[in-house]
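Novice: Fold the following.
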Amino acid sequence: MTETSCPGSPTLLSPWRRRCQWGATLLLLLIPWFHAGGNSLLRIDIPNLRLYFFGQTLRIEELYLVLIFSLLLTLGFLLMTMILGRVWCGWLCPQTTLSDLAEWFAVRLGLQKKKNQLKERSVQKFVLQLTYLFLAFLVSANLLWYFIEPRDFFAKLASGQLHYATWISLLLVALVIYLDLALIRRLMCSDFCPYGRFQTTLADQSTLTLHLPSEELDRCIECNSCVRVCPMEIDIRRGYQIECINCGRCLDACRQVMTKRNQPGLIRYTFGTTGEGVKTLLNLRTLLLSLATVVMIAILIFAVYQRPSASLKISVSHTVANRILKDGNRATFFNAWVNNRSSKKAIYRIEARQTDNGNPFVLKGQTRRLVLEAGENLRIDFVLVTPVPKDKIEVEFILLNQTSDELAITAAYIK
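Specialist: Prediction:
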């Protein structure tokens, strides 16, 4: 996390922080535009109850994978917090990025900030509010792109065909973002965001901390540079404060001042405050949480690996009654849903057999050469022809691919 510009100049972290912020921002903006397997890289398709996830199409019955992935993200986030503290807040959090961007525009317009408020200059403030509105609608639209394919979103927006629920969501989210930019900004981090309070329960003597060591206080020249650049308007010389977001601006300011005196900066990142370094991470809490994260990764990999490439659902039709055929056999009408869970087009067929002895049954209807695109779900209707049973019998319906591999088996009873 260091960068050297030229001989004699201090090593600053701010260029790396900006790259992290812009990288994360561009990632959030661009992910909905990219496709894998013919679908969005990451999108929730509410009408069809599907989740497109990096080339995989997950239907609602497979959302247990999303639950496992969410648990993994939670454990990973907790582990990152325990090790890196509030580096997320200062380097990657969208709230911090939006606040930085809002204040950057204000500075370019000649406005000055004090106690999270901008000094009055009517024309500049009006232009700034318009900028905030643009950012608010961009962020709101970006959120909707994870539910509506972006090209469809803009096509429907241009033609006026956006659903009223989409318009309501767009306007409400944009309003919240605008109020955040115009009124709240850093107050979210210092007063409202629960993560800062939650982080204090996870931090220990091994957590990465931005601080001014007590042994360096004698070298402090009281220039107040660290205070002036702090976006949270705190004084790091007073020790650890919950409002600190570990952004490193005070570290850079101190280095720039002390370099002019041919001295190293006073403020630094350290794992813990006792000077033991990285080895402080070898503690029971960190090791247990790391182990839990690794176990969850293994569970997710196993679940994905064991996930069938197709699924078959069967139900007796409730709209068409059973019939006795001329040859004395009975026709039972079924509905079926075939889902291609793979990332490629596939061709399937359905067969039926009696469960206890494996004798095949005749199927009539659309049960052969079922062509499904990747992620497609197809409903079909067919007829099962069986002798009139004296008692209830169990029938297995088998979904097979072109190489006759049995991909899914579903049982049903007829009587």
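
Novice: Pull out the buried positions in stretch 44-63.
Specialist: Neighbour counts over stretch 44-63 (16 or more other C-beta atoms under 10 Å) mark Ile44, Asp45, Arg50, Leu51, Tyr52, Phe53, Gln56, Thr57, Leu58, Arg59, Glu62 as buried. Every residue, glycine included, has its C-beta placed from N, CA and C.

Novice: with those in mind, which one is nearest to Val176?
Specialist: Val176 has its nearest neighbour among the buried residues of stretch 44-63 in Ile44, at 19.8 Å by C-beta to C-beta.

Novice: Assess the claim that the closest one and Phe53 are in contact.
Specialist: No - the pair Ile44 / Phe53 is not scored as a contact, 9.4 Å apart, by C-beta atoms under 8 Å.

Novice: continuing past the worst-scoring helix or strand of the chain on mean pLDDT, what's the next helix or strand?
Specialist: When each helix and strand of the chain is scored by mean pLDDT, DSSP states H and E, strand 117-118 comes last, with a mean of 60. Next in sequence after strand 117-118, counting helices and strands by DSSP states H and E, comes helix 122-144.

Novice: what separates that next one from the chain centre, distance-wise?
Specialist: Helix 122-144 sits 24 Å away from the centroid of its parent chain (C-alpha atoms, centre = their mean, to the nearest Å).

Novice: do the same with stretch 290-309
Specialist: 18 Å.

Novice: who's in contact with that stretch?
Specialist: The contact list for stretch 290-309, computed with C-beta atoms under 8 Å, 6 or more residues apart in numbering, reads 56, 62, 64-65, 68-69, 71-72, 75-76, 79, 340-342, 346, 407-408.

Novice: ditto for stretch 203-213
Specialist: By C-beta under 8 Å, 6+ apart, stretch 203-213 touches 81-85, 87, 220, 226, 236-237, 239-240, 244, 246, 248, 250-251, 266-275, 280-281, 283, 285-286.

Novice: CA atoms of stretch 17-34 as CSV?
Specialist: Provided in CSV are the C-alpha atoms of stretch 17-34 (Å, rounded to 0.1, in the frame of the first residue of the first chain):
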residue,chain,number,x,y,z
ARG,A,17,-6.7,4.7,-1.9
ARG,A,18,-8.1,6.5,-4.9
ARG,A,19,-7.4,3.6,-7.2
CYS,A,20,-9.2,1.2,-4.8
GLN,A,21,-12.2,3.6,-4.7
TRP,A,22,-12.4,4.0,-8.4
GLY,A,23,-11.8,0.3,-9.1
ALA,A,24,-14.6,-0.7,-6.7
THR,A,25,-16.9,2.0,-8.2
LEU,A,26,-16.3,1.0,-11.8
LEU,A,27,-16.8,-2.6,-10.8
LEU,A,28,-20.2,-1.9,-9.3
LEU,A,29,-21.2,0.2,-12.4
LEU,A,30,-19.9,-2.2,-15.1
ILE,A,31,-20.9,-5.7,-13.7
PRO,A,32,-24.5,-5.4,-14.8
TRP,A,33,-23.3,-4.6,-18.4
PHE,A,34,-21.2,-7.7,-18.9
